[in-house]
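Colleague: I'll drop the sequence and a predicted model, then ask my questions.
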Amino acid sequence: MVSLVGCIALTLGAFLPWLRVGEVGLPGVPDPAGYFVAAVGVLGVLLSVVGMRTSRNTMQGVMLVGLAALTTLIVVWRSGSATVADRAQARAEAVALVDNVPLQAPPPVRVGYGLLVGLAGAASVAAVGLAAAWQRS
């Protein structure tokens, strides 16, 4: 049950804002990493439902889903802010050059709540999968 809720949170987190530039939220889904996290979350939901409805043990697959999503979201968390800040700075410089106006500093880039929801869901799914694998061995 915990893995199902975690996978649902992981899937929903892909559609929420991962990064915020000023007051503008940038969701994960138009990005390939967002599509990957959403697909992995749907796969986790399917594996969790199959594991709950049948007697099959799908926890190894759920563990892999959690670890793959957790790794992807950590990479986005660590490198996404710098990448978006570089893009915003380049855009500000281009606008200043083309419009012949003084350069204005771009707004700060912050982590959005979608990335935090996805990280929490992925961590819970990975923890449940690892606990099931540890218990089995």
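Modeller: Received, thanks. Please read all numbers here as calculations on a predicted model, not as lab measurements. Numbers count the residues shown, from 1 in each chain.
Colleague: any idea how far the residue located most distally from the centre of the chain lies from residue 106?
Modeller: What lies farthest from the middle of the chain is residue 100; by Cα atoms, centre = their mean that is 38.4 Å. Noted for residue 100: a distance of 18 Å to residue 106, by Cβ to Cβ, to the nearest Å. C-beta here means a position set from N, CA and C on the backbone, and glycine is covered the same way.
Colleague: per-residue confidence for residue 137?
Modeller: In the prediction, the pLDDT value recorded for residue 137 is 64.
Colleague: quick one: contacts of stretch 84-96?
Modeller: Residues outside stretch 84-96 that contact it (Cβ atoms under 8 Å, 6 or more residues apart in numbering) are 19, 21, 26, 101, 102, 103, 104, 105, 106, 107, 108, 109.
Colleague: Restricted to strands, list those residues.
Modeller: 19, 21, 26, 109 (DSSP state E).
Colleague: pLDDT wise, what is the second one at?
Modeller: Same thing as residue 21. 91.
Colleague: who touches it in this structure?
Modeller: Counting by Cβ under 8 Å, 6+ apart, residue 21 has contacts 84, 88, 106, 107, 108, 109.
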